[in-house]
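Student: predicted coordinates and the sequence they were generated for:
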Amino acid sequence: MKVIKTNKALRGKLAFLRSQGKSIGFVPTMGAFHEGHVSLMRRCVKENDITVVSLFVNPLQFGPREDLARYPRNLKRDIEMASAVNVDFLFVPSLQEIYPEPLSTFVQVGKIGNILCGASRPGHFQGVATVVLKLLNIVQPCVIYLGQKDAQQVAVIKRMIFDLNIPVSVVICPTSREADGLAMSSRNIYLSPTERRDAVVLNKALRMGARLIAFGERDGGKIISKIKKLILEGSSASIDYVSIVEISGFAPVRRISKDVLIVIAVKFGTTRLIDNVIVKVHGK
């Protein structure tokens, strides 16, 4: 595996490989790798001739009171983990490399990026979409691999790719979970032992919501109320949102008649965690 730090060097190597007809897969990350990241890399390696992983903690997607300064970083460990699964190129650009001058052009994400996490974190998805577009232009991959845990981010990126006619396929990989069901996240390390135990309720609440739909409940409001009640019972949780939305456009669903996504964002102490589940509606 080669660790590359400049746009010019990466573009040069990939242009040569592209000229040889090699397929290029891409996994964008902010580092602090866990098994969720590694599962994306493994699939990318399996399905492409060349795998590129980017590691860049993007300041544009952090608000003024968010955790940019303390976001977990461990480059040595990340290099070891990416190398172990046969990644070809780990792109680790500096801030100056990605943003050599203050930007005057940004991706405007529209309604899908201004609800739920977008409402709680103003400007977050504009920052995500802008840096992903820059990375796609640098790497020019055939395929980009994203994780289902970040469902709204996935929806924003897919919409950007569609709207702007970017020639890249999108592969969505399942959420990786700990043995007790907690979705893997780089931010899980912030949790105290008590908060870590309490956080297991997120997956339990999502599974309960999915069961209610499977058993015939179609009133979204009732399902949301029961999910909130479970999350708040005997836990240190503070709910940001619980919502049932359309899978593609993220419009709220009050009466369930087709496949939906249950999405949640909950704080445990100062740590904000997100999770979701896709629910198939039978007999729709």
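Tutor: Looks like it came in fine. Nothing here was measured: the structure is a model prediction, and the numbers come from that model.
Student: so where do the helices sit in the stretch 151-284 of the chain?
Tutor: All helices of the stretch 151-284 of the chain, identified by DSSP state H, counting those that start in this stretch, fall at 151-163, 193-199, 201-214, 220-232.
Student: in the shortest one, which residues are buried?
Tutor: Counting neighbours by 16 or more other Cβ atoms under 10 Å, one finds that the buried residues in helix 193-199 are Glu195, Arg196, Asp198, Ala199. (C-beta placed from N, C-alpha, C; glycine too.)
Student: the inter-axis angle of the helix ranked longest in the chain versus helix 151-163?
Tutor: Taking DSSP state H as the criterion, the chain has its longest helix at helix 124-139. If you take axes from the mean of the first three to the mean of the last three Cα atoms, to 10 degrees, helix 124-139 sits at 50 degrees to helix 151-163.
Student: what's the model's confidence in the helix or strand that helix 124-139 is followed by, averaged?
Tutor: Using DSSP states H and E, the next helix or strand after helix 124-139 towards the C-terminus is strand 143-147. On average, the pLDDT along strand 143-147 is 98.
Student: quick one: list the elements packing against strand 143-147.
Tutor: Strand 143-147 is packed against strand 24-29, helix 35-47, helix 151-163, strand 169-173, with contacts defined by 3 or more Cβ pairs under 8 Å, 6 or more residues apart in numbering; DSSP states H and E.
Student: Gln61 against Val132, yeah?
Tutor: No - when contacts are counted by Cβ atoms under 8 Å, Gln61 is not listed as touching Val132 (9.8 Å).
Student: out of the two, which sits in the more crowded spot?
Tutor: Under the criterion of other Cβ atoms under 10 Å, the comparison of Gln61 against Val132 puts Val132 first, with 24 against 21.
Student: how about that one: what's its closest non-neighbour residue?
Tutor: Closest residue to Val132 apart from its sequence neighbours, by Cβ to Cβ, 6 or more residues apart in numbering: Ile157 at 5.6 Å.
Student: OK, contacts around that neighbour?
Tutor: Residues near Ile157 by Cβ atoms under 8 Å, 6 or more residues apart in numbering: Val128, Ala129, Val132, Ile144, Leu146, Val170.
Student: from Leu261, how far out is it?
Tutor: Taking Cβ to Cβ, to the nearest Å as the measure, Ile157 falls 16 Å from Leu261.
Student: my guess is Gly36 contacts Leu146. True?
Tutor: No - Gly36 is beyond contact range of Leu146, at 10.9 Å (criterion: Cβ under 8 Å).
Student: excluding its backbone neighbours, what's nearest the residue nearest the centre of the chain?
Tutor: Nearest to the geometric centre of the chain sits Asp150, at 3.1 Å (Cα atoms, centre = their mean). Nearest in space to Asp150, with sequence neighbours left out and distances taken as Cβ to Cβ, 6+ apart, is Ile274 at 7.2 Å.
Student: number of nearby residues for that neighbour?
Tutor: Neighbourhood size, Ile274 [other Cβ under 10 Å]: 22.
Student: measure it to Ala199 for me?
Tutor: Distance from Ile274 to Ala199, counting by Cβ to Cβ: 11 Å.
Student: next, the angle helix 124-139 makes with the helix or strand hosting Arg11.
Tutor: Using DSSP H and E, Arg11 falls within helix 7-19. Relative orientation of helix 7-19 versus helix 124-139 (the same axes, to 10 degrees): 60 degrees.
Student: out of the helices and strands packed on strand 143-147, which is the most enclosed?
Tutor: strand 24-29 (a mean of 25; mean count of other Cβ atoms under 10 Å).
Student: in its sheet, what does that one sit against?
Tutor: strand 50-55 (parallel), strand 143-147 (parallel) (DSSP bridges).
Student: mean neighbour count and distance to Ile256 for the ones you listed - can I get that in TSV?
Tutor: Shown next, in TSV, are those (neighbours: other Cβ atoms under 10 Å; distance: least, Cβ to Cβ, whole Å):
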stretch	mean neighbour count	distance to Ile256
strand 50-55	26	37
strand 143-147	22	25
